[in-house]
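[1] no sequence for this one, just the structure:
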């Protein structure tokens, strides 16, 4: 006799379940179970992963949920059909929506109707104290669909428990069924389960008491073991219940919303009408023939696959944003099509690209199209609330993001549960800080932090901490992935409240949605769009200038990019990008597309970067092992750079079907998180050998596919980003003052701090004026003096100054300039905190001689009677000595984050020279291969790819230096690598193709020279 486990929670019952859904399904299949129910508490968050595993193994999966009613019993509900599944989703949604995030509230009345297609199990309390009234209610509520669950766990009371439940079943005419109350797939997970319980109850393991498991029996047990424990009739009942539960997630059918199409029209007809209208607007002189043919092909394909409603949904969202003056740009597998260009979803002109629509919308795969839309990061919430208003909470929600344990959080929580002190817990967290953000926790890291690896508690911490890695901690909201349905969304999946007010989420993440073929529209935030919109408004305050109005293919822009003069430019401002630009020397838009995609972990790990550069520079012949491969890789010189190329190669070179190629794509997306690429290795290599490709070429292609699992870029995404690269570079090239103002007014965003942005603007000849109460607005502004455009810092730069105070200040200034601090305080109604902030930032220099005098004047202000409001001050201001330059620079950085006076290291140059550190400018004049001592402020720290090196950028008053610190040195001097603000190095100069690096041999921390200077670096982003 087989068995169906009907009561089983996964680790998506957060901090209760100790096994992953996939582990539970695989173990149940290995044990020969007939079926397994995943019954997470008031949740279906783990069922998609279980469903995927069940599809692979052939095990029958039952969808259910566990509920603890506020005024009733502990229950299980199991869906028997599609209708029953909808009933489950709606009930879970009701309970979750009535409570705060992470909680739920359900009562008996919530279950009294609407569950006709669900089966129910009554879960008796462990203390054997049955509530007769609750049993009676259960019998009435589930007269023909209710069972009494019997759980026998070898805890010393199995026999009396069975007898008591048999008697209760007879009294209430309820059949009995075996149910294991499973929370782990194997008994070895019991220590982890107790650890999770301690974390959940905010106590240490030794204080868990009765909340700990009495033994390890709550796992999936063998059939022989179950036959010894349970009467045969109870096991047979589990099979009968499983037989009645016939629903599968494969039955879910998603229908695109169609709220946009006018009454009396079909979506396809309305889409064509909008495309024709957009075509006339895009090409008023006539659409090119090639593009006309492309549009027609795309419309035919959209009609065949019935995707018109999807494109109209995205168009409607974008149209709303444009009406509100919100800059946006589409990207994704279908975004860079001629249809989307006509609809205004993207600004990538199809004439500049040659993207095949069929690569992204496939007849064979039948997968939904993918369009992500980036909006200005400061105004995206307006778009989100528009979607909620249009479709209602019943039909629109954000996808979930599963927050999982990483090394730092795992050690923190495990350390607390194991009884480590708060100080020790902080030491544990520091042991894995910085670049140690993935992979198993290593004992050497803890030993380095001062912990004894022979201590049993440390060994226990390492074992449990590593088991905890990757476990879900809670559900959060996706950055912007919206699920919108034609009918009620809670017919597809449960909906719950997000932590942020005004947001709701479904319980599935983006991978779950993709697995089930559900539509997700990404409504994303992008800081560069905010900056570009501000720049366009500075050019044209009326707001008529658009992205497409930026002149295309400007040689000056490409020359600037080729010099790596790209600080602040979208996507190509990072250290790695700046190193690549002089080698690649982009000359046209497609070169920018390649540039955006090639400096990614995928191409780097797949060893694609150097072959491409060598071929581009003519140092390596461009060869193709076959004409089929040439057709896929010719545009990228025989090197696969884009995700689509890798997928296509599996078809033309290894004979994969479109469906198998799509599975490869899905495996690539989940590779870093879950693994799964190994199963394709043999098939790919054997398929390539059969088609005449060498073993070495097959190995290289597989390595490249693995690399793309580490984040490879689709060509369509790269094209959208490349447009923003070009636009931001054009603004920087021709209007550096506008560029700097737009970036500063859009903070926080980007790779560099305001100090570096202002320094770069000044290096490009921009005159920067200080923040000042009689000249500055909240934002940075542009001023013209004697025909020269200058940048005036805004009062937004001043730390501690409220925006409301600045609004009052600017309004009061309209009636005339302020003449004294007292007058400023009175007319603008400024509180002492705001006055202190202005004085500390030296923004009162039009009213006082210097910062000290301004602070004195602010301190002298006192509340004055109305009759004396215009009376002169009673005391004369003292003649305070002028502050030293060093003191001024320190104060500037403390209160503005930058200084216009001088660079901090200019003040320390004598001390640095005494330590034999040379300026960055002097390093550039020395020959490569020489050793040099240099020092600078740490701007950025990065550890890309597999982390074989740490990259640090230093800055001094003469320029910047790029450091490469190999792993062995970084580990040896880890404290300095992570903590130094003023870093000195002894390093070898390396220079090639116009790119200079310093290969570091020794590190020195001279942060003490900075005294109180507040410098913050951007680390490991």
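    Arrived safely, thanks for sending. None of the values given here were measured: they were computed from a predicted structure. Numbers count the residues shown, from 1 in each chain.
[2] residue 147: what secondary structure?
    strand (DSSP: H, G, I helix; E, B strand; the rest coil).
[3] thought it was touching residue 178?
    No - in this structure residue 147 lies outside contact range of residue 178 using CB atoms under 8 Å: 9.9 Å. In this view, the C-beta of every residue, glycine as well, is placed from N, C-alpha and C.
[4] could you tell me which residues touch both of the two?
    By CB atoms under 8 Å, 6 or more residues apart in numbering, residue 147 and residue 178 have these common neighbours: residue 237.
[5] please pull out the lowest mean pLDDT helix or strand from the chain.
    Within the chain, no helix or strand scores below helix 601-605, which has a mean of 60 by mean pLDDT, DSSP states H and E.
[6] after that helix, next one along is what?
    As assigned by DSSP states H and E, the chain's next helix or strand after helix 601-605 is helix 609-616.
[7] that next one: which residues count as buried?
    Neighbour-count burial for helix 609-616, counted by 16 or more other CB atoms under 10 Å, picks out 609, 612-616.
[8] least confident pick among these?
    Minimum pLDDT for these is recorded at residue 609 (80).
[9] quick check: the gap between that one and residue 562.
    Residue 609 is 17 Å from residue 562, where distance means CB to CB, to the nearest Å.
[10] so what does whichever strand or helix holds residue 689 touch, helix or strand wise?
    Secondary structure assignment for residue 689, by DSSP H and E: helix 678-690. Packing partners of helix 678-690 (3 or more CB pairs under 8 Å, 6 or more residues apart in numbering; DSSP states H and E): helix 658-674, helix 695-708.
[11] can you give me the buried ones in that helix?
    Within helix 678-690, the residues that count as buried by 16+ other CB under 10 Å are 680, 684-685, 687-688.
[12] before we move on, what about stretch 403-416?
    Buried residues in stretch 403-416, defined by neighbour count with 16+ other CB under 10 Å: 404-416.
[13] now, among these, which is nearest to residue 837?
    For those, the residue nearest residue 837 by CB to CB is residue 408; the value is 34.4 Å.
[14] how close does that closest one sit to residue 609?
    Distance of residue 408 to residue 609, computed by CB to CB: 31 Å.
[15] wasn't residue 375 part of a strand?
    Yes - checked against three-state DSSP, residue 375 lies within a strand.
[16] distance between the ends of stretch 207-216?
    Start-to-end span of stretch 207-216 (CA to CA, to the nearest Å) is 19 Å.
[17] show me how far that stretch is from its chain's centre.
    The chain centre lies 37 Å from the centre of stretch 207-216; the measure is CA atoms, centre = their mean, to the nearest Å.
[18] cool, and stretch 936-947?
    Its chain's C-alpha centre lies 20 Å from the corresponding centre of stretch 936-947 when counted by CA atoms, centre = their mean.
[19] and what of stretch 715-730?
    With CA atoms, centre = their mean, you get 20 Å for stretch 715-730.
[20] now stretch 896-905
    Using CA atoms, centre = their mean, the offset of stretch 896-905 from its chain centre is 33 Å.
[21] buried set for it?
    Applying a neighbour-count criterion of 16+ other CB under 10 Å, one finds 896-901, 903-905 buried in stretch 896-905.
[22] cool, stretch 463-475 as well?
    For stretch 463-475, using 16+ other CB under 10 Å, the buried residues are 464-473, 475.
[23] repeat that for stretch 61-75.
    Neighbour-count burial for stretch 61-75 flags 61-67, 69, 72-75 (criterion: 16+ other CB under 10 Å).
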